[in-house]
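Engineer: Here is the input, now give the coordinates:
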Amino acid sequence: MARAALSADVVVDLALQVVDELGPAALTLSAVADRAGVAAPSLYKHVRNLAELRGLVSTRITDEIADRVGEAVLGRSADDAVRALMTAWRRYAQRHPHRYSALVQTSGPRTSEAGARLLGILSATLRAYGMDDSAVVHAARCLRAAVHGFAVLEAENAFGLPEQPDESYDLLIRMMAAGLSALRPGPPPATGGGDG
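Structural biologist: Numbering: from 1, shown residues only. Predicted coordinates:
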């Protein structure tokens, strides 16, 4: 390959090419250097080590997911927004299964800003249900666990029964929306009274 003009962004672009084509386990500094047409030490001007590169890759992936779900929920509210968010998130994982598998799930210095952006979109979506800050955190965790768990199982072809995963995912969306609606604060229940 012809030698590339390198920057941190170009290194991440090349790393994502490796991940997309060969999977997350294939991501090494030498694999990226080969694509750039340079020796591996040339990458150290742009990334300190493989761990930092993985963090930068994860940040890019998180930003991409945030872009997709942010666009999907725009102008929507409550159940409609939850459906759009969950659909967009799954669609990203379906279109980029290796990339999604490379996503680092723990927050670190590189990924915290992108993670906070995604959490902000989740939180804004959930506030339509009238939740306070603590309830939003719990609901966001549940929503993330549901979407991520389904996406990972689907990517690993773990759904072997003949029923269609699309139908299962639609049920999951309806279950999440119903659960969130049930948590919506309302007036206190009526107490019994009268002559009865």
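Engineer: Could you give me the buried positions within the helix or strand of the chain with the lowest mean pLDDT?
Structural biologist: For the chain, counting by mean pLDDT, DSSP states H and E, helix 112-127 ranks last in confidence among helices and strands (a mean of 90). Applying a neighbour-count criterion of 16 or more other CB atoms under 10 Å, one finds Ala114, Gly115, Arg117, Leu118, Leu119, Ile121, Leu122, Ser123, Thr125, Leu126, Arg127 buried in helix 112-127. To be clear about C-beta, it is placed using only N, CA and C from the backbone, and glycine gets the same treatment.
Engineer: okay, now the nearest residue to the fourth one once chain neighbours are set aside: neighbour count?
Structural biologist: Translated: Leu118. Nearest residue to Leu118, sequence neighbours excluded (CB to CB, 6 or more residues apart in numbering): Ala66, at 4.3 Å. Residues lying near Ala66 (other CB atoms under 10 Å) number 20.
Engineer: do the one 5 residues further on as well
Structural biologist: The number of residues packed around Glu71, counting by other CB under 10 Å, is 11.
Engineer: Next, the angle from the helix or strand harbouring His148 to helix 112-127.
Structural biologist: Here His148, judged by DSSP states H and E, is contained in helix 133-155. With axes from the mean of the first three to the mean of the last three CA atoms, to 10 degrees applied, the angle from helix 133-155 to helix 112-127 works out at 110 degrees.
Engineer: Which elements pack onto whichever helix or strand comes after helix 133-155?
Structural biologist: Downstream of helix 133-155, the next assigned helix or strand under DSSP H and E is helix 165-182. Other helices and strands packing on helix 165-182, by 3 or more CB pairs under 8 Å, 6 or more residues apart in numbering; DSSP states H and E, are helix 78-95, helix 133-155.
Engineer: May I see the buried residues of helix 165-182?
Structural biologist: For helix 165-182, a neighbour-count test (16+ other CB under 10 Å) marks Pro165, Tyr169, Leu172, Ile173, Met176, Ala177, Leu180 as buried.
Engineer: can you check stretch 146-165 too?
Structural biologist: Residues of stretch 146-165 classed as buried: Ala146, Val147, His148, Phe150, Ala151, Val152, Glu154, Pro165 (neighbour count, 16+ other CB under 10 Å).
Engineer: first to last residue in that stretch, what's the distance?
Structural biologist: By CA to CA, to the nearest Å, the extent of stretch 146-165 from end to end equals 14 Å.
Engineer: Might you calculate how far the helix or strand hosting Glu71 sits from the centre of the chain?
Structural biologist: For Glu71, the element it lies in under DSSP H and E is helix 50-73. The chain centroid and the centroid of helix 50-73 are separated by 8 Å under CA atoms, centre = their mean, to the nearest Å.
Engineer: who are the neighbours in contact with the most centrally placed residue in the chain?
Structural biologist: Residue closest to the mean C-alpha point of the chain, counted by CA atoms, centre = their mean, is Ile65 at 5.2 Å. Ile65 makes contact with Trp89, Tyr92, Leu118 under the criterion CB atoms under 8 Å, 6 or more residues apart in numbering.
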